[in-house]
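**Student:** Structure for the following, please:
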Amino acid sequence: MRIFLTGLISLCLTFFAHAEYSRTYLDSYPLKIASVGELDIAYRIVEPGPDKPKVAVIMGLGGSNVAWGDALISGLANGGYEILLLDNRDTGDSTRFDEWGQPVLWWELLKYQLGFSVNAPYTLDDMGADIAGLMDAVGYDEAHIIGASMGGMIAQIVAAQYPEKTRSLISIMSTTNARHLPPPTDEAENRLRNLATGEAEADREQAIRDRGFYPESMQRHLMAIFKTGDRSDEVATIAAPTLVLHGADDGLVPPEHGRYTASLIPDSRFLLVEGMAHDMPEDIIPLLVDEMTDHMDAVEAGALATR
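**Tutor:** As a prediction, the model looks like this:
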């Protein structure tokens, strides 16, 4: 149950932790729909420019494109980058899997804990293929791939399986899902157990929806993570210049997950961010933007060669 609570709630709290949240800037760019395989994938392009280097950013569990908020995306765009935002399958205006229903969680979790395959309508590999297909649909030969938490897992898959499309990789507060890595701290789990109920619970869910998260998608996304399993061997094949960012106070996905990810990728850089948990606090965003743009700028300048 610990794994379930962490996976289900951590990503909706990621950006819910902001003291301030705005999506006005993002909403000023039109939302479009692309056909990717048999799915419709919703996306928007921020600060488009034919000569600008491209960036694709991938949100995590249950999160649509606007869950990123204005501050981080406008910061990256101000660095001279064109930003591709998308709704992962099963969220926002992309194809939803509501008709598939919800997993029987106790049973699927038991199977996962015993090492058996879980029942899921798709895997993280499928979600990585969505990113590659969307890039083709919008005309991106390659892009810097950025992902947070589950989005970081998908970004790792893109970098491993579609190296020709990956200019660089930035993995934020994410994991390879290796089983030896530490579970959430007791303190983090207790916070989740003590979340408000009743009217306060309803208010919290509405606030989460207002920030671009879809609770009904989270369980299916969680099953996709479980069905995909440990990706460590695949992550070790990544050759793109890589930056791994992780919060020093992350009790939900402890820093060892980020360190391990970086240890698998040759010449990657790991940065432990003080004052950051499994969130992107408002006062930390300028640092994150600087680190990410410095990384991408170095790749663009040739200082970090793509291999």
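**Student:** so what's residue 291 up against?
**Tutor:** 243, 245, 271 (C-beta atoms under 8 Å, 6 or more residues apart in numbering). (Each C-beta comes from the backbone N, C-alpha and C, glycine too.)
**Student:** quick check, nearest of those residues to residue 152?
**Tutor:** Nearest to residue 152 among the contacts of residue 291, counting by C-beta to C-beta, is residue 245 at 9.0 Å.
**Student:** Read off the pLDDT value for the closest one.
**Tutor:** Here the pLDDT value assigned to residue 245 is 98.
**Student:** Quick one: residues in contact with the helix or strand it falls within.
**Tutor:** Following DSSP states H and E, the helix or strand that holds residue 245 is strand 242-247. Residues from elsewhere that reach strand 242-247, judged by C-beta under 8 Å, 6+ apart: 159, 168-174, 253, 255, 257-259, 261-262, 265, 267-273, 275-279, 288, 291-292, 295.
**Student:** Point out the ones among these that are inside helices.
**Tutor:** Of the contacts of strand 242-247, the ones assigned to helices by DSSP state H are 159, 255, 257, 258, 259, 261, 262, 288, 291, 292, 295.
**Student:** in the stretch 51-200 of the chain, which segments are predicted with low confidence?
**Tutor:** Regions of the stretch 51-200 of the chain meeting the criterion pLDDT under 70 cover residues 186-200.
**Student:** Give me the phi and psi for the nearest residue to residue 94 once chain neighbours are set aside.
**Tutor:** The shortest distance from residue 94 to any non-neighbouring residue, by C-beta to C-beta, 6 or more residues apart in numbering, is to residue 87 (4.1 Å). Per-residue torsions, residue 87: phi -90, psi 120 (degrees, to the nearest 10).
**Student:** Tell me how many other residues crowd residue 87.
**Tutor:** 28 (other C-beta atoms under 10 Å).
**Student:** Who wins on neighbours among the contacts of residue 291?
**Tutor:** Greatest neighbour count in the contacts of residue 291, by other C-beta under 10 Å, goes to residue 245: 27 neighbours.
**Student:** Residue 96 touches residue 90, doesn't it?
**Tutor:** Yes. At 5.6 Å, residue 96 counts as touching residue 90 under the criterion of C-beta atoms under 8 Å.
**Student:** From residue 208, how far off is residue 143?
**Tutor:** 28 Å (C-beta to C-beta, to the nearest Å).
**Student:** got the contact list for residue 46?
**Tutor:** If a contact means C-beta under 8 Å, 6+ apart, then residue 46 has 25, 26, 29, 73, 74, 77, 82, 83, 84, 85 as its contacts.
**Student:** Also residue 172?
**Tutor:** Residue 172 touches 146, 147, 148, 149, 151, 152, 245, 246, 280, 288, counting by C-beta under 8 Å, 6+ apart.
**Student:** And those residues, which is closest to residue 38?
**Tutor:** Using C-beta to C-beta, residue 151 is the member of the contacts of residue 172 that lies nearest residue 38, at 22.0 Å.
**Student:** For that closest one, identify the helix or strand it belongs to.
**Tutor:** Counting by DSSP H and E, the element that carries residue 151 is helix 150-161.
**Student:** Show me what that helix is packed up against.
**Tutor:** strand 54-58, helix 124-138, strand 143-148, strand 166-172, helix 215-228, helix 232-235 (3 or more C-beta pairs under 8 Å, 6 or more residues apart in numbering; DSSP states H and E).
**Student:** Setting aside sequence neighbours, what's the nearest residue to the spatially most central residue of the chain?
**Tutor:** Centroid-nearest residue in the chain: residue 151, 1.9 Å away (criterion: C-alpha atoms, centre = their mean). Nearest residue to residue 151, sequence neighbours excluded (C-beta to C-beta, 6+ apart): residue 58, at 3.7 Å.
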